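Novice: this one's sequence-less:
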């Protein structure tokens, strides 16, 4: 059954739909929810049948979902820093964090009159929503953590949901020879998946509580809601568990790099829309800036606003959307287009990889040394090298 944005966010199907939408505020409130270690592939709205994520599934139904949102740095700390600064991991430096000198999203919006707050608790987020000043736009950033082992804080009720689940569709494998972070979870992978799935569902319920508070406090029409993740996780696929650092050297598998990106904004963002374009975590800051009518920082940023894509509007003919995105973590770099992905390590010394994502979506066959793919491989590698040169400072 189709679910309207207002019915869902106000907390139940029994709430009647209002006769007409209120005018959308020119400067919206922004509710930005950012998870760690949550890949797109585990959510029901991205096709998973065994993990239970009803709140996020409904949010996607009443909003716009990006199918190919790629983490520029598939690891929690640096991944979050890229999201809130628009800066590449190379620009952020070895620490990989948004330090005092960085121009962050909260600084930008705060300087433009927004009330900016952050929390790592969905319960606290609900309280903060009730404390906002009427007529003053706010940015509320909610960091949703807890998806890395050992999952000790997950309540028993969520664990019981998966007591009999076999995760037959996950496609997990025995531990890879180069498995590192989270390797201990691979010894009894089904039991580990039950713990991880329970943590995901607990996170999803927290998201649902925050979204219900938006409706209950009559903030629906004036609030842009964004949900995403700093990085993905393999959860047994490829014989690995965590994100890029699940292996040595770091990996750039789809499970690690492709993360959820869901937008909902009453009257501005279409419902039940999916976008196939390649967008990156370094695009988020300029996109939110455009939505909030705040100029982006005058820095060497590689991202571009995709607000037109999120709101279902056509792009200017002379400014088509890009066809490639890049990622970097440690000694590993990646570039991908709609078909191929090249992974270059140690400045080209290797080990390097090339995958045909159309013929081999599971990334099982490395084609890097296959002469039939040399042209595509070298073209992507050249684009990747240019990206690193341009956006390392």
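Specialist: That came through fine. Model, not experiment: these values are computed from the prediction.
Novice: low-confidence regions, the chain specifically.
Specialist: Flagging of the chain using pLDDT under 70 yields the residue ranges 1-26, 94-95.
Novice: which helix in it runs the most residues?
Specialist: Of all segments of type helix in the chain, defined using DSSP state H, the longest is helix 189-216.
Novice: now do that helix: distance to the chain's middle.
Specialist: 15 Å (Cα atoms, centre = their mean, to the nearest Å).
Novice: packing partners for that helix?
Specialist: helix 5-9, strand 29-35, helix 54-61, helix 122-129, strand 138-144, helix 156-161, strand 223-229 (3 or more Cβ pairs under 8 Å, 6 or more residues apart in numbering; DSSP states H and E). (Glycine included, C-beta is placed from N, CA and C.)
Novice: list the strands paired with the second one, with their directions.
Specialist: The reference is to strand 29-35. Strand 29-35 has these partner strands in its sheet, going by DSSP bridges: strand 138-144 (parallel), strand 223-229 (parallel).
Novice: looking at those, which is closest to residue 88?
Specialist: strand 223-229 (17.2 Å; Cβ to Cβ).
Novice: buried sites along that closest one?
Specialist: If you call a residue buried by 16 or more other Cβ atoms under 10 Å, then strand 223-229 has these buried ones: 223-229.
Novice: quick one: residues in contact with that strand.
Specialist: Here strand 223-229 makes contact (Cβ atoms under 8 Å, 6 or more residues apart in numbering) with 9, 28-39, 56, 59, 63, 69, 71, 83, 207, 211, 214, 259-266, 268-269, 281, 284, 288, 291.
Novice: gap between the very next helix or strand once past it and the chain center?
Specialist: Using DSSP states H and E, the helix or strand that follows strand 223-229 in sequence is helix 254-257. Computed by Cα atoms, centre = their mean, the chain-centroid distance of helix 254-257 equals 10 Å.
Novice: identify all contacting residues around helix 254-257.
Specialist: 39, 41, 70-71, 74, 231-235, 237-238, 243-244, 246, 327, 334, 357, 361, 363.
Novice: quick one, helices of the stretch 251-393 of the chain?
Specialist: 254-257, 284-291, 307-310, 374-390 (DSSP state H, counting those that start in this stretch).
Novice: the stretch 251-393 of the chain: strands as residue ranges?
Specialist: 258-259, 261-264, 273-280, 325-329, 332-336, 340-345, 353-356 (DSSP state E, counting those that start in this stretch).
Novice: hmm, which of the contacts of helix 254-257 are the buried ones?
Specialist: Using 16+ other Cβ under 10 Å, the buried members of the contacts of helix 254-257 are 39, 41, 70-71, 74, 231-235, 237-238, 243-244, 246, 327, 334, 363.
Novice: and residue 224, bridged to which residues?
Specialist: Going by DSSP bridges, residue 224 forms beta bridges with residue 30.
Novice: distance check, it against residue 341.
Specialist: Separation of residue 224 from residue 341 (Cβ to Cβ, to the nearest Å): 31 Å.
Novice: closest one to residue 181 among the strands of the stretch 251-393 of the chain?
Specialist: The nearest among the strands of the stretch 251-393 of the chain, by Cβ to Cβ, is strand 325-329 at 12.4 Å.
Novice: contacts for the closest one?
Specialist: 70-75, 78, 88-90, 244-245, 250, 252, 257, 278-280, 333-336, 383-384, 387-388.
Novice: repeat for stretch 176-189
Specialist: 148-149, 172, 174-175, 192, 196, 236, 238-243, 245-249.
Novice: distance between the ends of it?
Specialist: Its start and end residues considered, stretch 176-189 measures 13 Å (Cα to Cα, to the nearest Å).
Novice: buried ones in it?
Specialist: Here stretch 176-189 shows 176, 178-183, 185-186, 189 as buried, counting by 16+ other Cβ under 10 Å.
Novice: next, format the residues you listed as TSV and append secondary structure.
Specialist: Below are the buried residues of stretch 176-189 laid out as TSV (DSSP: H, G, I helix; E, B strand; the rest coil):
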residue	secondary structure
176	coil
178	coil
179	strand
180	coil
181	coil
182	coil
183	helix
185	helix
186	helix
189	helix
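Novice: which among those residues gets closest to residue 111?
Specialist: residue 181 (37.6 Å).
Novice: how close does the closest one sit to residue 320?
Specialist: Taking Cβ to Cβ, one finds residue 181 at 39 Å from residue 320.
Novice: quick one on the thing from earlier: buried subset of the contacts of strand 325-329, written for PyMOL?
Specialist: Here is the PyMOL selection string for the buried members of the contacts of strand 325-329, based on 16+ other Cβ under 10 Å:
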select buried, resi 70+71+72+73+74+75+78+88+89+90+244+245+250+252+257+278+279+280+333+334+335+336+383+384+387+388
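Novice: need the contact list for residue 138.
Specialist: 29-30, 114-117, 132.
Novice: ok, the nearest residue to it once chain neighbours are set aside to residue 386 distance?
Specialist: Once flanking residues are discounted, residue 138 sits nearest to residue 115: 4.4 Å by Cβ to Cβ, 6 or more residues apart in numbering. Using Cβ to Cβ, we find residue 115 at a distance of 40 Å from residue 386.
Novice: those two: which is more packed in?
Specialist: Between residue 115 and residue 386, residue 115 has the larger neighbour count (other Cβ atoms under 10 Å), namely 16 against 12.
Novice: which parts of this protein belong to which domain?
Specialist: Residue ranges for the domains of the chain, per automatic domain parsing: 26-311, 331-393.
Novice: point out the most buried one among those.
Specialist: domain 26-311 (a mean of 20; mean count of other Cβ atoms under 10 Å).
Novice: turn the helices and strands packed on helix 189-216 into CSV, columns for distance to residue 299.
Specialist: Output for the helices and strands packed on helix 189-216, formatted as CSV (distance: least, Cβ to Cβ, whole Å):
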stretch, distance to residue 299
helix 5-9, 35
strand 29-35, 20
helix 54-61, 31
helix 122-129, 29
strand 138-144, 19
helix 156-161, 42
strand 223-229, 21
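Novice: many thanks, have a good one.
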